[in-house]
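Trainee: Need a 3D model of the following:
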Amino acid sequence: NCNTDSNTDNDHHHKQKSRHYHLKLTFVESSMECVVDAVAECITLVLCMPRPKVLNRLFPILSSLGVKDIVLLNAHRVEKCYFDSKYLEPNRYTKGLMAGLVQSRDTKIPRLLIEKNLTEFVTVNLPKMHDQKQPVCICAHPGNYPSICELNCFQSMEDNDSDNG
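Mentor: Numbering: from 1, shown residues only. So this is what the prediction gives:
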C-alpha cells in the first residue's frame, strides 16, 4: 500500500514538472520613442575620489540622476590605495550604474573617467569635455560662495520667467 501512494506522489510531481507557460510580449511603438535631452547629455560630475564603499553607493544614485560623465580626481587628501579599489573594476561599477538606470528613464550608462592629475585635468581636459560656449560649472564646496540661484545662468532664466509672467 505504501508503494502505491509513493508512485501516485511521483506521478503527480512528474506532471507538475511538465507544465509549460508561455509569455506573450507586445511592443507598443509609442513607448519606444527616442527622446534626447540636450541638457541631460551634458551633465558631468567631477569629484575627488571618495572612500571605495562610499563610491560604490554613489554609482546607482548618480546614474539615476542623469549624470553622463563621472570624473574621479586625485587630490592631496585622497589615499593612493583608493585607485586600486575593486569597486573601480568595470564589471563592478557597471552593475551599480545599471541599478540606477533601472530607476530612471535613461538607458545610457554614464562614462567613468579617472584622472590622477588634478592640474592637468582642470587646465587641459576639462575645457575640452563639452562643446558649449558657456557651460555652467557649479562647485559644491563649503565656504562663503554664491548660492546656485545667484549664478548668472539662472538669473537670466528667472528674468525670462518674470518677463513672461
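
Trainee: ranges for the strands of the chain?
Mentor: 44-48, 69-73, 111-115 (DSSP state E).

Trainee: Could you look over these and pick the most buried one?
Mentor: Sort the strands of the chain by mean neighbour count, taking mean count of other CB atoms under 10 Å, and strand 69-73 sits at the top with a mean of 19. (C-beta placed from N, C-alpha, C; glycine too.)

Trainee: What mean pLDDT does that strand get?
Mentor: The predicted model assigns strand 69-73 a mean pLDDT of 91.

Trainee: Does anything pack onto that strand? Which helices or strands?
Mentor: strand 44-48, strand 111-115 (3 or more CB pairs under 8 Å, 6 or more residues apart in numbering; DSSP states H and E).

Trainee: CA atoms of the last one as PDB?
Mentor: What follows is strand 111-115 as a C-alpha-only set of coordinates in PDB (Å, rounded to 0.1, in the frame of the first residue of the first chain):
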ATOM      1  CA  ARG A 111      31.100  57.100 -18.500                       C
ATOM      2  CA  LEU A 112      33.600  56.800 -15.700                       C
ATOM      3  CA  LEU A 113      36.800  58.700 -16.100                       C
ATOM      4  CA  ILE A 114      39.700  58.500 -13.600                       C
ATOM      5  CA  GLU A 115      42.100  61.500 -13.600                       C
END
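
Trainee: Sheet-wise, list the partners of it with their directions.
Mentor: Strand 111-115 pairs in its sheet with strand 69-73 (parallel), by DSSP bridges.

Trainee: quick one: low-confidence ranges for this protein?
Mentor: By pLDDT under 70, the weakly predicted segments of the chain are 1-20, 23, 25, 27-40, 130-137, 139, 141, 146-165.

Trainee: one more time with 80, if that's ok
Mentor: For the chain, the stretches flagged by pLDDT under 80 are 1-42, 105-107, 127, 129-165.

Trainee: which residues touch His76?
Mentor: His76 makes no contacts at all, as judged by CB atoms under 8 Å, 6 or more residues apart in numbering.
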